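A.B. asks: here is a sequence with its predicted model. Questions after.
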Amino acid sequence: MSNEIKWTPIKEQLPPEHVVVETKIDNEEGARNIQPLQYHNNLWWFSDDSMYVYYRPTHWRAKQ
């Protein structure tokens, strides 16, 4: 049995605001940009709030 936390598609549910979660882009080109980010003010920010990223992840999950 796997203890891996399942990824949640952004289309289905956004994460809680100001909570650092693992994120990724996963589409026909494969999985990439896997990194911790936090969502607030309709943007995705680095965990230290220093800057937002210029893309929108497709999936998120609680940090393991």
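C.D. replies: Received it, and whenever you're ready, just let me know what you need.
A.B. asks: for the residue lying closest to residue 9 once chain neighbours are set aside, list the residues it contacts.
C.D. replies: Once flanking residues are discounted, residue 9 sits nearest to residue 59: 5.6 Å by Cβ to Cβ, 6 or more residues apart in numbering. (Glycine included, C-beta is placed from N, CA and C.) When contacts are counted by Cβ atoms under 8 Å, 6 or more residues apart in numbering, residue 59 is found next to 7-10, 23-26.
A.B. asks: just the buried members of those?
C.D. replies: 7, 10, 23-26 (16 or more other Cβ atoms under 10 Å).
A.B. asks: got any ranges where the protein has weak pLDDT?
C.D. replies: Applying pLDDT under 70 to the chain picks out residues 1-3.
A.B. asks: quickly list what the residue nearest to residue 9 is bridged to.
C.D. replies: Judged by DSSP bridges, the bridge partners of residue 59 are residue 9, residue 24.
A.B. asks: from residue 50, how far out is it?
C.D. replies: Using Cβ to Cβ, to the nearest Å, we find residue 59 at a distance of 23 Å from residue 50.
A.B. asks: show me the residue at the heart of this structure, geometrically.
C.D. replies: Central residue of the chain (Cα atoms, centre = their mean): residue 23, 2.4 Å from the mean position.
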